[in-house]
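1. I need the structure of the sequence given here:
(chains A and B, ligands or ions: 2)
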Amino acid sequence: MSGVLVVLEFRTQDGLAVWNRISWEALAAGQELAAEIGQPLLAAVAGERPEGPAAEVAQKKLARVYGVAHELLAAYTADGYVASLEQLIGAVRPTYVVMPHTYQVRDFAPRLAARFGETLIADVVGIRMDGGQPVFVRQLLQGKLSGDYLHRGPGPCFVSTQAGAFRPETVEAGACEVETFEPKLEAAMIRSVPGERFRVSEKSVDLTAAPLIVSVGRGIKEKENIPLVEELAQALGAELAASRPICDNGWLPMERQVGSSGQSVSPKVYIAVGISGAIQHLVGMKGSKAVIAINKDENAPIFEVADYGIVGDLFAVVPALTAAVRKAKGM
Amino acid sequence: MKIIVAVKQVPVRDSLIHIDSSGRWLDEGELSFEINEPDAYALEAALLLKEKHGGEVVVLCAGPERATQTMREALAKGADRAIHVEAEDLVRMDTFGVARLLAAAIADEKADLILTGLQSEDLGLGQTGVVMAEVLGIPHATIIMEIELEESGGRIRVKRELEEGWFQTVEMPLPALLTIQSGISKLRYATLMGIKKAKTKEVRRVAAGAMPEATVSLERVYPPQKKKETRMIGGTPTEAAAALADVLQFEVRVI
Ligand SMILES: Cc1cc2nc3c(=O)[nH]c(=O)nc-3n(C[C@H](O)[C@H](O)[C@H](O)COP(=O)(O)OP(=O)(O)OC[C@H]3O[C@@H](n4cnc5c(N)ncnc54)[C@H](O)[C@@H]3O)c2cc1C
Ligand SMILES: Nc1ncnc2c1ncn2[C@@H]1O[C@H](COP(=O)(O)O)[C@@H](O)[C@H]1O
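-> Ligands and ions are numbered 1, 2, ... in the order given. The predicted structure follows:
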């Protein structure tokens, strides 16, 4: 057994390969790990026609890229991916398998690891060496704690990396060989029938270009309290946005949701009111130039990404802030 | 249709947490516990399916004695019976171990559908359900928003969430396992009648057998390291608000 195998993710849209960009972060994590343990860095992409994407990955400094090719991989299915990657890993025998923590990886990777009697170390935010052994850091309690994990099984060790945790620009350029791997798949092995991707409603609110956003979370407690932040947004001339539970409850429309399943925003200033700062929310707003957090819990993870913070009760702070903004603007 | 819902008991949201003396987990002595949020939605989805198609809803939970409370609440909401896998130190196990425990406890149930939450709020692994499906040898789908049983009864059609507001419909044969997203429906409350009835419902206790060594272990927990310098603005709400308005006007210059 040797090597760190990184599985990258792309999908084909209108004949073009669209990368899931966390793939390059996973490759950065794999590169770091391979360097630390002195093993070759390998990569794999799977699909009906993975040649193009594989050639693209081969422009990085790797030992080898595998294009896992089969017509039954045209559309993603957990059964198809688990069976193909199981065969690839069985043939290549890497010590580590690193994947981006995408929704697709969440769907198949736990099952793939279990097939080897292993447990996926999911959503890793950092890798540290300790006595020659990698320590994998994950978040616990929605970001309130960090945890150090060790791999103790016979291997391979399966790891997925959190969005934004590793730096894709650190991946070095190079040139390597592409090898096509044809897994043995039969239609009967694939039990689910996937449909086309669709969107429920076209976006009528575009938060992506908003320079100023006031975003509200579950700290607001009730729908009746929403006007409190609406007024602040109005005073500032800001767009109103929200965390997912607010939209799930129907207190604000879905199209105002920021996060991994909502919009990604990058305003000049993002004011998070009563938002805890779960990773799925952070990935949608960490492109913001300045982040201001108002939260009653000084340990809320949102303060880890905030430039300015007020620890306090939003029901006292927000009306006071609205008044102060109006005053400053001479309103 | 027999539906099994795996529910986990987790520390109450927004609890003040303290690390225990071993440094490996939380001091649970001071904590209160509740049902893991996505699991409450999984239970709701199961109860809705039962109301529509008939059948039975069985709650499955691995945990210490305190987990009985969470199971009773599920029974009060309308689940028919519960299976309690008695296990003290789940944090010491890896997902493969926990999933095998849960799968073993329901191996004889011949359920049509197994629902879990998409992830737990304490460990946040997001994989126990998927690994259970592997152990049981049945198909699965994750991050599910809607479930529809096909006319024939032998297949389901589900709506799966993808990134950035996209969705996908997936069809699969039963038995299957689905992991349920939070917020997909309105949660019901237990009625007084339900609470009364729950006391008479069966809770089958299963002892957790010996488990093989974990392949992955949680060694240490600690507060996260800050990545950014945060300027904390103190004072009364009015003072803090005035100081923040100054920041908005003179530092980040948006007013
Ligand atoms: C697959 C998946 C996709 C997801 N997609 C998204 C997404 O796109 N967007 C998203 O936002 N989430 C998403 N989530 C959910 C995410 O994990 C969190 O559950 C969610 O972001 C939490 O929202 P919140 O911060 O508003 O609520 P909570 O986590 O409940 O936080 C509420 C905060 O309010 C504070 N508070 C309470 N009362 C007050 C008060 N009086 N004054 C001041 N502060 C107060 C509390 O201290 C707490 O920090 C997703 C989850 C999964 C698993
Ligand atoms: N101890 C447990 N008992 C019952 N169900 C569990 C347990 N642990 C995890 N689950 C289920 O698996 C889901 C995912 O948990 P996790 O893999 O820890 O994120 C949860 O939402 C539960 O439905």
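
2. Contacts only, for B:Val58.
-> With contact set as C-beta atoms under 8 Å, 6 or more residues apart in numbering or on different chains, B:Val58 has these partners: B:Lys2, B:Ile3, B:Ile4, B:Val5, B:Ala79, B:Asp80, B:Arg81, B:Ala82, B:Ile83, B:Ile106, B:Glu109, B:Ala111. C-beta: built from backbone N, CA, C; applies to glycine.

3. when you check those residues against the strands, which ones overlap?
-> Per DSSP state E, strands hold the following members of the contacts of B:Val58: B:Lys2, B:Ile3, B:Ile4, B:Val5, B:Arg81, B:Ala82, B:Ile83.

4. Would you mind listing which of these are buried?
-> When those are checked for burial by 16 or more other C-beta atoms under 10 Å in any protein chain shown, the buried set is B:Lys2, B:Ile3, B:Ile4, B:Val5, B:Ala82, B:Ile83.

5. Now for the residue nearest to A:Val214 when sequence neighbours are not counted, how many residues are close by?
-> Computed as C-beta to C-beta, 6 or more residues apart in numbering or on different chains, the closest residue to A:Val214 that is not its neighbour in sequence is A:Ala233, at 4.2 Å. By the measure other C-beta atoms under 10 Å in any protein chain shown, the count of residues near A:Ala233 is 20.

6. Looks to me like A:Ala233 is in a strand.
-> No - according to DSSP: H, G, I helix; E, B strand; the rest coil, A:Ala233 belongs to no strand; its state is helix.

7. ok, back up a step: which one of the ones in strands among the contacts of B:Val58 is nearest to ligand 2?
-> Closest approach between these and ligand 2, by C-beta to the nearest ligand atom: B:Val5, at 7.5 Å.

8. Touching, the closest one and B:Tyr41? I think so.
-> No - the pair B:Val5 and B:Tyr41 fails to qualify as a contact (C-beta atoms under 8 Å) at a distance of 10.0 Å.

9. Go ahead and report the secondary structure state at residue 104.
-> Reading this off chain A. Per three-state DSSP, the secondary structure class of A:Gln104 is helix.

10. To clarify, I was referring to chain B.
-> helix.

11. Not counting its neighbours along the chain, what's nearest it?
-> B:Gly209 (7.2 Å).

12. Three-state assignment for that neighbour, please.
-> Following three-state DSSP, B:Gly209 is assigned to coil.

13. What is the neighbour count of it?
-> Close neighbours of B:Gly209, defined as other C-beta under 10 Å, add up to 11.

14. picking that back up, so which of the contacts of B:Val58 reach ligand 2?
-> By C-beta under 6 Å from any ligand atom, no member of the contacts of B:Val58 lies near ligand 2.

15. For those residues, give me a markdown table that also has distance to chain A and pLDDT.
-> Listed next are the contacts of B:Val58 as a markdown table, based on distance: C-beta to the nearest C-beta, whole Å; pLDDT from 0 to 100:
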| residue | distance to chain A | pLDDT |
| --- | --- | --- |
| B:Lys2 | 19 | 98 |
| B:Ile3 | 19 | 98 |
| B:Ile4 | 18 | 98 |
| B:Val5 | 19 | 98 |
| B:Ala79 | 23 | 98 |
| B:Asp80 | 28 | 98 |
| B:Arg81 | 28 | 98 |
| B:Ala82 | 25 | 98 |
| B:Ile83 | 21 | 98 |
| B:Ile106 | 17 | 98 |
| B:Glu109 | 20 | 97 |
| B:Ala111 | 17 | 98 |
